[in-house]
Each structure stands twice: as structure tokens, then as C-alpha cells.
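Novice: Predicted coordinates and the sequence they were generated for:
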Number of protein chains: 2
Amino acid sequence: MRDLSQHLEHFALNTATLKQWPLERIIDGCARRGIRAIAPWHADVERVGVAQTKRLLREAQIELCGYCRGGLFPVAHASERDAVFDRNRRVLDAARELDAPCVVLVVGGLPGAMEGEPQSRDLAGAREQVKEGIARLLDYAKSLHMPLAIEPLHPMYAADRACVNTLEHALDLCDALDPSMQGDLGVAVDCYHVWWDPKVDAQIARAGKQRLLGFHVCDWLVPTRDMLNDRGMMGDGVIDIARLRRQVEQAGFNGFIEVEIFSSDNWWKRDGDDVLDTCVARYRTVV
Amino acid sequence: MRDLSQHLEHFALNTATLKQWPLERIIDGCARRGIRAIAPWHADVERVGVAQTKRLLREAQIELCGYCRGGLFPVAHASERDAVFDRNRRVLDAARELDAPCVVLVVGGLPGAMEGEPQSRDLAGAREQVKEGIARLLDYAKSLHMPLAIEPLHPMYAADRACVNTLEHALDLCDALDPSMQGDLGVAVDCYHVWWDPKVDAQIARAGKQRLLGFHVCDWLVPTRDMLNDRGMMGDGVIDIARLRRQVEQAGFNGFIEVEIFSSDNWWKRDGDDVLDTCVARYRTVV
């Protein structure tokens, strides 16, 4: 197991952790601390501009550990599928331009549900659309040499955000769509989403180095007051994060450890420098 | 698949659905509508008294479809285990006295977490305690001829309420602790907890008639505003309840369909008669 306490070689920041800062300031704040990698969100990159983002990253000597995000495949009408594909293609193009190692896929749930107006109760149908959507996108991704990382989300997001909710399900999709395991399709393992799963160790081992494209950390708070935006700083909750890190590293993962905390009532309200310093301190001691 | 639209022969009410009414009034309200079964909570039965509850049920010609609840096994210190066993034994004694067909087990999560002060991050250890706790209780339950029904809860309750979160895990426990499948140990399947699971159909089939001791219905609202008490009336959410009912009935289940809705900001604030009438109407048309 790697020693994280002495340096930030493996530390990465998902920029959603610092909602209070624009992307430019996050890049600067990371550079000042010797942080080497971030995972930005496409909407923020679009606002700054891909070329300008690329310049800022190069100047700061910061690379990407992933790109957020593609996916959201299920639609109410088949006629909308081309628009979904085009949206995802643009995300992949930007990721390619920024030399991201992978694009993270949040696959989507029941059509309309994320907007609060679900159009269907057909969860199996949504899952079929996800499979077809990834299959189509994968061809394009391969042409760009841009790996896709399916991120299983916690089952409490099955309706509205992602109907792939276990690592086992994500890996079944990988095996079905990319049986050759050449690194084109894999998974992003986020402690928050998988910690509860009694099969998580076995599935991490099954994934192995070839499929493990990302490892995200935050903590599960007790109580959790909001289903989306009440995630905890590492050490403040009940997830045995170090145990999960040992599992992924034993399976061969040696990439960045990405801190990703959605926290509307706590960390997003604090001073950004304090938040980033706390992330680093907890990374050294808890993760 | 049974036709529910013409009568209430298979309808049952979990009394937590009518938090606004005391147990006596719920029994009366059910009797007036020709409802034949309820699942009461032990604390309410203790308040009324077991003997008095038994008398009220007999007069109303209402039987139990289950008894809530045993479980909450994990503790911070081994010295507390006897107290847990004794608490559970009293629940089983009351269930026996009331001729309940089974006691539902909500198995518990990390010690202290339900009180908001988790004492541990050892989820595997909590699961081991659950297994040992059920094994010990099962001996007593067999002596009373009182089946135990493990209720897997949604993974969002893994920390604080139940660390058995999939039907597969619950059935693995059943197979380990009751390999002879004589009906002493089984599961309660609640749509709310299992609807998201891509393996739910296969696991319902695996459970079969011998292990399916209960079937509960409510709905998953989009958005869900509270993790415990924002459950929906059947038809108001995104669960394809009829599909799940077909699965359990195809697997051999022919027991009561128990309506159980925790709803602090909606149904618990309404007139109890209206709530009960709505439960019945939705049962006939949606379930």
C-alpha cells in the first residue's frame, strides 16, 4: 500500500469540491500546493474555453486524472438519442484536447427524473438504453483513444442519476461491451457509492488493473441530511477509506486518488483555501 | 397473478403508515373497511398491552401479517449482547402471544449510528455480529415456532439501520443459518428497499415460497427529500410495483401485501381516514 503521508504525488482534486472557486482559481490554488492533478467538469471547461484551460493547466504543470462527465443516456423518445450522442462526443473531444486519461460516465436514470419529472418506471429499459449508449459511444472513444470509466452510483441515485448502482453491474457492462479488456472501458470506484456493498472487495479484485480507471474518496456522514450534497470530508464519516484503498491498490491500481466532496451546507460555504488544506491534511492521515 | 381489484382479502396495513392514529383506532379503522390483517410495532403493542391488543384484534377479526420488529444486533461492546438478545426475546414472546406469522428483523448497522454517534467503521464486523445475533435468536424462535424474516434495507441505511442491504445478502444469511429451509428463517421483501437492484428478480426466484415471508409496498418519490420518512403512496413514485408483485407471486408467495409508508411531511399529516382510503384505492389499482 502506497505511503501518502509524505508527498502529494498521488493526490488529485475533483473541482466540484471547491464550488466556491472558479476553475482558474482552483488550478492556481492546486499549483501553489504542489498538487499535480485535477478532474474538472465540462461545463466549467466550456466557460473558460478548452484552449485557455489547456494553457492554464500547462503553466501550472497540472494534469488531468479524469474528465467529468459523459453519460446520461436514457431518453424518453428514441429521437433524442442522437442529441445525447452528440453531447457526449463533445465531452470526449474536450477530454482528448486536454489529454485526460479517461472520461467518467454517470450513466443516467429514468428519463426526465433528474429534472424531477420522471417519464417512465421502466428501470430495465433505462439500463438497456445505457448499454446501447455506451456501446455507441465506445466506438467513438476508441477512435480518440479516450477510455471510458463507468462510475456506479449509490443505489439511492437509481431513479434520477445513474441506474448502474453496483460495481458488479458496471463490470458486467464492461465485460459485455469490451471483452478484450484493452483499457478502452473500465470503472471509476468512488468510496461513497460502493462502501456499503458486501461484494465490493470481490468486485474490485475482479476489476483488476485493466478496469480500474479511477478511485474517488469522500466520506458518508451519519446522519446524511441531503441525498446529493451532504458528503463528508475524509475522516468525518463512517467509511473505512484506507481499507478500500488497500483493496484497489492490491488489485493493481496505482493512479491518482481523487478527492470529490459535494457539500452544499458545509465545505462549499467555507473559505476555499481552508477546504483545500483540509483535503490535503486528511489525504495524508486518513486516506 | 392475483386480482386485487375486487376485494381486500390480501390487503394488510403496517401501522406505521398511520402515525397520526393510536393502535386502537387503526384496528377499528381497518375493521370498518373489511381489512383483515395488520403489522403492528412492538412499542405500540406494549403501550396498549399484549392481552388487550389480542382482545381488540380478535373482536375486530383482524390477524397479523407480521410483527415489527426484532434485530438491531450490532453493539459496541460484547457485554451488551445479552441485553440485545433479551430485548429480541421479548419481541418474539409478544409476537407468539398475538399469533403473528413472523417477526421482521431490521438487523442494525454500525453500533451507535442510529443514535447519531457511530462507534465504529467496521461494517464487516457489524455484519458478523448480525449473523451471530440471528443464529442465537433463531434457536429461541424455533422453540416458539416463530419464523424470522430478515428485511434487507436500502443501501442508504447501511450505516445506521441495517447492514444487510440486498436480497442476495439476506438469502446468503438464510442459507448459512437455516440450510434445511423448514420455514424458520426467510426474508421480507419491501419494494422500497429492493426496487433498484439489478439482481432482484433472480433473487426473488431464488428465495421461493419457503423464504418469502413478507411483501411490503410503497413508492420511491422523485425527488426524495428525506432518507427515512419521505416514502410515497403507491403510484406516486417510480417503482413498478405490479412488476415486483408478479415476481414474488410467480416465486410462490401468496401472503398478504403489506402497505408501509413512512411520510412525515405528507401522509402522516393528513386525516387518517383519507390516508387509509387512499391506501386501499391504490392497492386496488396500482399494486
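Specialist: Good, I have the coordinates.

Novice: Once you drop chain neighbours, what's closest to residue A:196?
Specialist: Excluding its sequence neighbours, the residue lying closest to residue A:196 (C-beta to C-beta, 6 or more residues apart in numbering or on different chains) is residue B:158, at 3.7 Å. C-beta: built from backbone N, CA, C; applies to glycine.

Novice: again with residue A:203
Specialist: Once flanking residues are discounted, residue A:203 sits nearest to residue A:167: 4.0 Å by C-beta to C-beta, 6+ apart.

Novice: contacting residues around that neighbour?
Specialist: Contacts were defined as C-beta atoms under 8 Å, 6 or more residues apart in numbering or on different chains; by that measure residue A:167 touches A:152, A:187, A:189, A:194, A:197, A:199, A:200, A:203, A:204, A:207.

Novice: can you check residue A:124 too?
Specialist: Residues in contact with residue A:124, defined by C-beta under 8 Å, 6+ apart, are absent; none qualify.

Novice: quick one, phi psi at the nearest residue to residue A:224 once chain neighbours are set aside?
Specialist: Closest residue to residue A:224 in three dimensions, ignoring its sequence neighbours and counting by C-beta to C-beta, 6+ apart: residue A:230, at 5.1 Å. Here is the backbone geometry of residue A:230 (degrees, to the nearest 10): phi -130, psi 50.

Novice: Count the residues that sit near residue A:230.
Specialist: Residue neighbour count, defined by other C-beta atoms under 10 Å in any protein chain shown, stands at 18 for residue A:230.

Novice: sec struct for the spatially most central residue of chain A, please.
Specialist: Using C-alpha atoms, centre = their mean, the residue of chain A that lies closest to the mean C-alpha position is residue A:104, 5.1 Å off. Residue A:104 carries the three-state label strand when classified by DSSP: H, G, I helix; E, B strand; the rest coil.

Novice: thinking it is in contact with residue A:152, fair?
Specialist: No - the pair formed by residue A:104 and residue A:152 falls short of the contact definition of C-beta atoms under 8 Å, at 11.2 Å.

Novice: Can you name the residues that contact residue A:114?
Specialist: Residue A:114 makes contact with A:72, A:108, A:160, A:161 under the criterion C-beta under 8 Å, 6+ apart.

Novice: what separates the longest helix anywhere in chain A from the chain centre, distance-wise?
Specialist: The helix that spans the most residues within chain A, counting by DSSP state H, is helix A:123-144. Taking C-alpha atoms, centre = their mean, to the nearest Å, one finds the center of helix A:123-144 at 17 Å from the center of the full chain.

Novice: For the stretch 1-150 of chain A, which residue gets nearest to chain B?
Specialist: The nearest approach of the stretch 1-150 of chain A to chain B comes at residue A:121, 4.4 Å away (C-beta to the nearest C-beta).

Novice: okay, the nearest residue to that residue once chain neighbours are set aside: pLDDT?
Specialist: Excluding the flanking residues, the one nearest residue A:121 by C-beta to C-beta, 6+ apart is residue B:240, at 4.4 Å. pLDDT recorded at residue B:240 is 98.

Novice: for residue B:240, phi and psi?
Specialist: Per-residue torsions, residue B:240: phi -80, psi 80 (degrees, to the nearest 10).

Novice: For chain A, which segments count as helices?
Specialist: Read by DSSP H, chain A holds these helices, from start to end of the chain: A:23-32, A:42-48, A:50-60, A:81-97, A:123-144, A:167-177, A:191-194, A:200-211, A:241-250, A:272-285.

Novice: Please identify the deepest-packed of these.
Specialist: Here the criterion is mean neighbour count by mean count of other C-beta atoms under 10 Å in any protein chain shown, and of those the winner is helix A:191-194, at a mean of 25.

Novice: Just list what it packs against, helices and strands only.
Specialist: In this structure, helix A:191-194 makes packing contacts with strand A:212-217, helix A:241-250, judged by 3 or more C-beta pairs under 8 Å, 6 or more residues apart in numbering or on different chains; DSSP states H and E.

Novice: Just tell me which of these ends up closest to chain B.
Specialist: With C-beta to the nearest C-beta as the measure, helix A:241-250 is the member of the helices and strands packed on helix A:191-194 nearest chain B (8.2 Å).

Novice: got the contact list for residue A:93?
Specialist: In this structure, residue A:93 makes contact with residue A:144, judged by C-beta under 8 Å, 6+ apart.

Novice: returning to what we had before: assess the claim that the residue nearest to residue A:121 and residue A:120 are in contact.
Specialist: No - using C-beta under 8 Å as the test, residue B:240 is too far from residue A:120 to be in contact (9.3 Å).

Novice: Quick one, grab the pLDDT at residue A:17.
Specialist: pLDDT, the model's per-residue confidence, is 98 for residue A:17.

Novice: That one: what's it in contact with?
Specialist: In this structure, residue A:17 makes contact with A:259, A:260, A:261, A:262, A:267, A:275, A:279, judged by C-beta under 8 Å, 6+ apart.

Novice: Quickly list what the first one is bridged to.
Specialist: When bridges are called by DSSP bridges, residue A:259 pairs up with residue A:13, residue A:217.

Novice: got a list of what it touches?
Specialist: A:11, A:12, A:13, A:14, A:17, A:216, A:217, A:218, A:234, A:279, A:283.

Novice: quick revisit: let me know the pLDDT of the residue nearest to the centre of chain A.
Specialist: In the predicted model, residue A:104 carries a pLDDT score of 98.

Novice: Quick check: chain neighbours aside, which residue is closest to residue A:150?
Specialist: residue A:170 (4.5 Å).

Novice: Would you confirm that the one you found contacts residue A:190?
Specialist: No - in terms of C-beta under 8 Å, residue A:170 does not count as a neighbour of residue A:190; the distance is 11.2 Å.

Novice: what touches both of these two?
Specialist: residue A:151.

Novice: about what we covered before: select, out of the helices of chain A, the one closest to residue B:141.
Specialist: With C-beta to C-beta, the closest approach to residue B:141 among the helices of chain A belongs to helix A:200-211: 30.9 Å.

Novice: follow-up on the earlier one: of all the contacts of residue A:17, which comes closest to chain B?
Specialist: Each of the contacts of residue A:17 was checked against chain B using C-beta to the nearest C-beta; the closest is residue A:262, at 15.0 Å.

Novice: Kindly report the residues of the stretch 101-250 of chain A close to chain B.
Specialist: By the rule C-beta under 8 Å from any C-beta of the partner chain, the part of the stretch 101-250 of chain A lying against chain B is A:110, A:113, A:116, A:118, A:120-123, A:127, A:154-156, A:158-160, A:163, A:165-166, A:169, A:195-198, A:220, A:222-224, A:227, A:238-240.

Novice: and the residues you listed, which are buried?
Specialist: Burial by neighbour count, 16 or more other C-beta atoms under 10 Å in any protein chain shown: within those this picks out A:110, A:113, A:118, A:120-123, A:127, A:154-156, A:158-160, A:163, A:165-166, A:169, A:195-198, A:220, A:222, A:224, A:227, A:238-239.
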